[in-house]
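> let's see this in three dimensions:
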Amino acid sequence: MQVAVPPLPARQPATPVQAVRHIVLDELSGGVVDKLDAASAAFLNSSGLAKASPMGMGLFRIEPVGMVGSVRTPTVQLEVRPKDRLGLSRLLFLLSYAGNQGFRDDPVAAVEDSDLWSALAESLAQLADRALSRGVLQGYLTVDESLRTVKGRIRISDQISRRPGMLVPLEVSYDEFTEDIAENRILRAALERMARVPRVRPDVQSRLRQLKGKLDAVTRLQSGAPLPPWQASRKNTRYHAVLRLSEVILRNASAEAGDGKQQTASFVVDMAQVFEDFVGAALREAMAAHPGEMRLQYNALLNEAVRDSDRLTVSPDAVHLLGGRPVVVYDTKYRAATDQGASLSADHFQMLAFCTALRVPTAWLVYAGSGEMKLRRILNTDIDVVEYPLDLSLPPADILAAVADLAQQSWGEVVRQAGLNRLNQGSRARSGPALT
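Take a look at the predicted model:
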């Protein structure tokens, strides 16, 4: 007996995988003209990383708008890189330092790669693997519940307001030793987000998912919800580095399904804000060795005005006060005078206004870039503006050493001015009253 064997179906040709075009721009460049599909152009414009203007025939002019980072769509990846070609490790150092004051024991290091997404994903996988190698961190979580028995302590005010005259159920609070703590919630959210980035290497994506699987018992953070607070301690030391990287990813990166369920991703940061935040955090830490206090984003009145609507105010990035009085003022400029679009005169006009409003004789203008420190005496005044370059391409320890030097020099100028004032006061006292 012969059995009829149905013919095998014709093999369908494999659907070709569309190659992703990689476009790389410097943040100070004038942009490029390149092909984009309409969906990618729209996503690029909405991301805030760059501006894509149609020129016809499928061509768009792609121009940086002051941000750095990377946008990835199914057909194109655009990267806008920081000036001076700073690597990802330096960028993460600046981001994490400004965002996490109080502990510096384990700086965030990143795998360097020509592709920002691959570097981020590999860095997160390595740090998460190290953090979870000894098991998932556990800690005490305060739980508020309504129970029929006493557990922990009774919340008397809630019991009275919610259940007046009732004995049960009881509003109680108790501490539970669990994996469902802030540290693990943040780590799980970062692993999930990076695992959704399209075209991350399959082996890295698999590692991210395996690591996330260790945290399946942890509550998932809702999209758009604020990150839960956590405190650095000896108990969570092994989590410090991965938590700093996770917070950077969650604050600056997104990965989601766009139109047609196509995956898109963006990582966009404002380098001017990053530089300002970093210098403020590092400078406040360095000036803590000297008397007085540092205040960031200090507001001061510039003019005399009766009505609020007529008031003009200034807001330098940092002011150091001694006895409640400003003695030194600082301001940051990510774009130096040598950068395209930067205005040296406008920067010094602003510093002159700061010194005038605060009655401070010296202002420190901190630029991102290399070069020599310069002192400029403003004509017809007793005001000096010191240009202080901060080279971000240096190793992190050297960058922090430069900030410490800035603090030392600026404090030395405060001491010198105080000495001159005492000398002048002594001279006037010895000269006696003026003749009339």
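
> quick one: residue 314 and residue 280, what's the gap?
Separation of residue 314 from residue 280 (CB to CB, to the nearest Å): 16 Å. Heads up, the C-betas are built off the backbone N, CA and C, glycines and all.

> got it, and residue 91?
17 Å.

> who's more crowded, the two?
Counting neighbours by other CB atoms under 10 Å for residue 91 and for residue 280 shows that residue 91 has the greater number, 24 against 21.

> next helix or strand past the helix or strand encompassing that one?
Counting by DSSP states H and E, the element that carries residue 91 is helix 88-99. Per DSSP H and E, the first helix or strand lying C-terminal to helix 88-99 is helix 116-132.

> quick one, that next one and helix 88-99 angle?
60 degrees (axes from the mean of the first three to the mean of the last three CA atoms, to 10 degrees).

> where do the strands sit along the stretch 301-436 of the chain?
313-314, 318-322, 325-333, 362-368, 374-377, 384-390 (DSSP state E, counting those that start in this stretch).

> quick one: closest of these to residue 344.
In terms of CB to CB, the element of those nearest to residue 344 is strand 384-390, at 8.6 Å.

> show the average pLDDT along the closest one.
Summarised as a single mean, pLDDT over strand 384-390 is 95.

> residue 121 against residue 204, yeah?
Yes: judged on CB atoms under 8 Å, residue 121 makes contact with residue 204 at a distance of 4.9 Å.

> can you redo the strands of the stretch 301-436 of the chain as a markdown table with mean neighbour count?
Shown next, in a markdown table, are those (neighbours: other CB atoms under 10 Å):
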| stretch | mean neighbour count |
| --- | --- |
| strand 313-314 | 14 |
| strand 318-322 | 20 |
| strand 325-333 | 22 |
| strand 362-368 | 24 |
| strand 374-377 | 12 |
| strand 384-390 | 21 |
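
> reformat the ones you listed as CSV; add distance to residue 115.
Converted to CSV, the strands of the stretch 301-436 of the chain look like this (distance: least, CB to CB, whole Å):
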stretch, distance to residue 115
strand 313-314, 43
strand 318-322, 36
strand 325-333, 30
strand 362-368, 25
strand 374-377, 39
strand 384-390, 28
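
> closest to residue 34 out of those?
By CB to CB (comparing all of the strands of the stretch 301-436 of the chain), the closest turns out to be strand 362-368, at 28.3 Å.

> give me the helices and strands touching that closest one, please.
strand 325-333, helix 344-358, strand 384-390, helix 396-431 (3 or more CB pairs under 8 Å, 6 or more residues apart in numbering; DSSP states H and E).

> go again with 6 Å.
Contacting strand 362-368 under the criterion 3 or more CB pairs under 6 Å, 6 or more residues apart in numbering; DSSP states H and E are the following elements: strand 325-333, helix 344-358, strand 384-390.

> just the pLDDT at the residue most central in space within the chain, thanks.
With distances taken as CA atoms, centre = their mean, residue 95 lies nearest the centre of the chain, 3.9 Å away. Per-residue confidence (pLDDT) for residue 95: 85.

> repeat that for residue 417.
For residue 417, the predicted pLDDT is 83.

> now do the contacts for it.
Shown in contact with residue 417 (CB atoms under 6 Å, 6 or more residues apart in numbering): residue 361.

> ok so, going back, now the helices and strands packed on strand 362-368 as TSV including distance to residue 264?
Converted to TSV, the helices and strands packed on strand 362-368 look like this (distance: least, CB to CB, whole Å):
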stretch	distance to residue 264
strand 325-333	33
helix 344-358	37
strand 384-390	35
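
> quick one: closest of the ones you listed to residue 405.
Across the helices and strands packed on strand 362-368, closest to residue 405 is strand 384-390 (CB to CB), at 8.8 Å.

> by contact count, what packs against that closest one?
Counting by 3+ CB pairs under 6 Å, 6+ apart, strand 384-390 packs on strand 362-368, strand 374-377.

> note down every partner strand of the shortest one and its orientation.
In this case it means strand 374-377. strand 384-390 (antiparallel) (DSSP bridges).

> where in the stretch 301-436 of the chain is pLDDT low?
306, 337, 420-436 (pLDDT under 70).

> repeat that with 50
434-436 (pLDDT under 50).

> follow-up on the earlier one: spatially nearest residue to the residue nearest to the centre of the chain (excluding sequence neighbours)?
residue 248 (4.8 Å; CB to CB, 6 or more residues apart in numbering).

> residue 121 and residue 204: which is more packed in?
residue 121 (24 against 21).

> wait, the more buried one touches residue 201, no?
No: in terms of CB atoms under 6 Å, residue 121 does not count as a neighbour of residue 201; the distance is 7.4 Å.

> returning to that earlier point: who's in contact with the helix or strand harbouring the residue nearest to residue 95?
Element membership for residue 248, per DSSP H and E: helix 240-252. Here helix 240-252 makes contact (CB under 6 Å, 6+ apart) with 95-96, 100, 106, 108, 124, 127-128, 131, 186-187, 189-190, 267, 269.

> farthest-separated two in those?
131 and 269, at 23.7 Å, using CB to CB across those.

> so which of the two has more stuff around it?
residue 131 (23 against 20).

> hmm, that one is touching residue 239, no?
Yes: counting by CB under 6 Å, residue 131 does reach residue 239; the two are 4.9 Å apart.

> find the nearest non-adjacent residue to residue 330, please.
residue 318 (4.2 Å).

> surely that neighbour touches residue 328?
No: with contact defined as CB under 6 Å, residue 318 does not reach residue 328; the gap is 8.8 Å.

> TSV for the helices and strands packed on strand 384-390, including distance to residue 343?
Formatted as TSV, these follow (distance: least, CB to CB, whole Å):
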stretch	distance to residue 343
strand 362-368	12
strand 374-377	15
